[in-house]
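Trainee: sharing a model prediction with you, sequence too.
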Amino acid sequence: MAATHLRAAGLGALADLGFRGLDNDILDPVIVTGYTASRTHKLTPGEKEANRVLVIGRAPVEHGFAHLKNWRILTKLRTDPAGATRLLRALLVLTNLEVNR
């Protein structure tokens, strides 16, 4: 369902391994997840590099949400989803400005 909505909106998402299997279109994925290793399947250097790139892309978003959780903004939010989206975007911009200062 999430992949269908993202594809219809023309968007994509970087996700952790918990979202594996949600996007069945192998040739045109909209939810990009990393690779996992097992005892019998070791990661190739290309798969390791792909995981590194994925982590680098997700890190700023994860840090932004960590700041929002520390400020307890999300628990006090009582507004419509459109207002919440604008508020969260503004807070993430301010957070990034503060972190980069």
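Mentor: Happy to help now that I have it. Since the model is a prediction, treat every value here as computed from it, not as a measurement.
Trainee: all strands for this protein, in order.
Mentor: 13-14, 31-32 (DSSP state E).
Trainee: of the ones you listed, which is nearest W71?
Mentor: strand 13-14 (23.6 Å; Cβ to Cβ). C-beta: built from backbone N, CA, C; applies to glycine.
Trainee: please work out the average pLDDT along that closest one.
Mentor: Strand 13-14 carries an average pLDDT of 82.
Trainee: can you pull the pLDDT of P81?
Mentor: 69.
Trainee: low-confidence stretches in the protein?
Mentor: 1, 73-74, 76, 79, 81 (pLDDT under 70).
Trainee: the longest helix in this structure is where?
Mentor: For the chain, the helix that runs over the most residues, judged by DSSP state H, is helix 45-70.
Trainee: elements contacting that one?
Mentor: If you count contacts as 3 or more Cβ pairs under 8 Å, 6 or more residues apart in numbering; DSSP states H and E, helix 45-70 packs onto strand 13-14, helix 81-100.
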